[in-house]
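Asks: Could you look at this predicted model? Sequence included:
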Amino acid sequence: MTLSALSFVLASKKSEIACLEQLLKMGELVGAVSQLIHVLQRERGTANIFLCSQGKTWAGQRSERALQVQMAEQVVNQHILALDLTGQHTGNAPRLLSRIAAVLHSLSTLSLLRQQIQALDISQPDAMRQYTEVIRTHLALVFEAADISGDPAISRVLLAMFSFMQGKELAAQERATGAAGFTAGCFDERAHQQLLDLIEGQERCFQTFTEFADARCLTLWQQQLSVDSSEFERFRRIACTGGTPEGEAGQVALQWFAVTTARIDGMKIVEDLLEDILMECCRQRISEAQIALQLQQQDIEQIPQQEHHYSSLIPLQLSRSVLELVEQQSRQLQAREAELAELRATLAERKLVERAKNLLIQYQGLTEPQAHKMLRDMAMNQNKKLGEIAEAMLAVSSVWVTKER
């Protein structure tokens, strides 16, 4: 059997291109998921007002929001079908496919939830919890997409996008929680604390976003932050301090929803730019890899044919030109690995923390901010890193699952 060193050089570059093309498809799926989450957040807020008003407010809007979600679902499904579901070019295929399964299952629960809301057979907290769980499964898919990237630039964009989407989701939860409280005409102590946790959680997520986002996104985000938010801050102070807003409760709730929706729509503009940059980055990397492959093929064509192969029975004797091609590709891969090392360390810790938070959410009934606060407090009390606490919690997670069963 004759082996070709150069054929493996080319195969390596072709494999890189295939992985990048799969990553581009994942990026397109992430963009579709971003839009689906956005309309799900609106449907959740609308349902909150509908339930708290005992069906007197926004019955028609609920149907419109549900239709928007269903249309966004179809787009997500199309992008899922476009993926290579064999996992051939995906390093974490089992986890990724599991996340996709969780997304599809969560969407299948929405029909019954909408029926319960229409019949007023479900409480506002329970409905919000179910919507939030559906959105959480979608965010988990976005985080898994960040984990499959083997390219530093793409990894940074995905981490920035995940962090921003997570912060926007907490902002949407604040909108929904506030809408419920203003519709009911009061906020109890639990609602006050929940709002404070959501505000702190948003700041944490957006801080992480700023660490990974590029200049264009940061500039746009600063522009959004500079928009007059005095009305929003006034409503937020009332909700967090127990003040009494002027006007009829239902009307105040609608004003709050309009103000917070304008804020979240501004966030969606930043999120859309992140999606555009992700697509741009993926396409650029594919183009660069394809050009590199063409150059390699040209270089190989200039090497005498007898130097392309060697017998398995003869010691390897590569010419200087062949060796240079092999070493050049090796140096490029090593440089990329070095650049990825720090990102992977950050991602690994984030992954542990996200998994531990999901455990607390699923088995302890906590919200995302509450789960993060619990992990953070444990880390401070034990003088350990957040990732260490998360890893220790995951090590005994089987006990929680057994108890739940």
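Replies: Yep, it's here.
Asks: Would you mind pulling the contact partners of stretch 46-58?
Replies: 59, 61-62, 65, 117, 120, 122-124, 127-128, 131, 176-177, 179-180, 183-184, 250, 253-254, 257 (C-beta atoms under 8 Å, 6 or more residues apart in numbering). (Each C-beta comes from the backbone N, C-alpha and C, glycine too.)
Asks: and with 6 Å instead?
Replies: 61-62, 65, 117, 120, 124, 127, 176, 179-180, 183-184, 250, 253 (C-beta atoms under 6 Å, 6 or more residues apart in numbering).
Asks: Now, of those residues, which are buried?
Replies: Those of the contacts of stretch 46-58 that meet the buried threshold are 61-62, 65, 117, 124, 127, 176, 179-180, 183, 250, 253, by 16 or more other C-beta atoms under 10 Å.
Asks: Next step: those restricted to strands.
Replies: The strands, defined by DSSP state E, take in nothing from the buried ones among the contacts of stretch 46-58.
Asks: Return the member of these nearest to R234.
Replies: A253 (14.6 Å; C-beta to C-beta).
Asks: Mind pulling the model confidence for L323?
Replies: Listed pLDDT for L323 reads 53.
Asks: Identify the farthest-apart pair in the contacts of stretch 46-58.
Replies: R65 and A184 (20.7 Å).
Asks: Which parts of this protein are helices?
Replies: 5-52, 59-81, 93-108, 110-118, 124-148, 152-184, 189-212, 215-225, 230-241, 249-301, 320-364, 368-382, 386-395, 397-404 (DSSP state H).
Asks: so how far is stretch 23-43 off the chain centroid?
Replies: 9 Å (C-alpha atoms, centre = their mean, to the nearest Å).
Asks: ok so, going back, check the helices of the chain for me: which has the lowest mean pLDDT.
Replies: The bottom spot among these, by mean pLDDT, belongs to helix 397-404, with a mean of 55.
Asks: in stretch 226-238, what's buried?
Replies: 235-236, 238.
Asks: Those into JSON lines, with extra columns for distance to H192?
Replies: Converted to JSON lines, the buried residues of stretch 226-238 look like this (distance: C-beta to C-beta, whole Å):
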{"residue": "F235", "distance to H192": "14"}
{"residue": "R236", "distance to H192": "11"}
{"residue": "I238", "distance to H192": "11"}
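Asks: which of those lies closest to P152?
Replies: R236 (37.8 Å).
Asks: Give me the distance between the closest one and L195.
Replies: Applying C-beta to C-beta, to the nearest Å, the value for R236 to L195 is 8 Å.
Asks: what does stretch 27-45 rub up against?
Replies: By C-beta under 6 Å, 6+ apart, stretch 27-45 touches 65, 68-69, 72, 75-76, 79, 131, 135, 138, 142, 145, 172, 175-176, 179, 268, 271, 275, 278-279, 282.
Asks: For the closest residue in space to V75 that isn't next to it in sequence, grab the count of nearby residues.
Replies: With C-beta to C-beta, 6 or more residues apart in numbering as the measure, A32 is the residue that lies nearest to V75, at 4.7 Å, once sequence neighbours are left out. Using other C-beta atoms under 10 Å, A32 has 20 neighbouring residues.
Asks: Check Q382 too.
Replies: Residues near Q382, counting by other C-beta under 10 Å: 11.
Asks: How about it, nearest residue that isn't a chain neighbour?
Replies: Closest to Q382 by C-beta to C-beta, 6+ apart is I389, at 6.9 Å.
Asks: quick one: contacts for the one you found?
Replies: Taking C-beta under 6 Å, 6+ apart as the test, what I389 contacts is 375, 378-379.
Asks: Could you count how many residues lie near H192?
Replies: Residues near H192, counting by other C-beta under 10 Å: 15.
Asks: Distance check, it against G185.
Replies: 15 Å.
Asks: What of V270?
Replies: 34 Å.
Asks: How about L375?
Replies: 35 Å.
Asks: More neighbours: which of these two?
Replies: L375 (20 against 14).
Asks: Leaving out sequence neighbours, find the closest residue to that one.
Replies: I389 (5.5 Å).
Asks: and if you look at Q173?
Replies: L198 (5.5 Å).
Asks: Repeat that for T346.
Replies: Per C-beta to C-beta, 6+ apart, closest to T346 is L159, 7.4 Å.
Asks: Quick check: the one you found touching F212?
Replies: Yes. Using C-beta atoms under 6 Å, L159 is in contact with F212, at 4.6 Å.
Asks: Between the two, which is the more surrounded one?
Replies: For L159 versus F212, the count of surrounding residues by other C-beta under 10 Å is larger for L159: 23 against 20.
Asks: List the buried residues in stretch 41-55.
Replies: Buried residues in stretch 41-55 (16+ other C-beta under 10 Å): 41-53.
Asks: Work out the gap between that stretch and the centre of the chain.
Replies: Worked out by C-alpha atoms, centre = their mean, stretch 41-55 lies 25 Å from the chain centre.
Asks: cool, stretch 286-296 as well?
Replies: For stretch 286-296, the distance to the chain centre is 30 Å (C-alpha atoms, centre = their mean).
Asks: let's number from 48 now, not from 1
Replies: Understood, numbering begins at 48; the last thing we discussed is stretch 333-343.
Asks: tell me which residues in it are buried?
Replies: 333, 336-337, 339-340, 343.
Asks: Check stretch 115-126 too.
Replies: 115-116, 119-120, 122-123, 126.
Asks: Could you list the domains of the chain?
Replies: Using automatic domain parsing, the domain ranges for the chain come out as 69-331, 386-451.
Asks: Cool, thanks, talk later.
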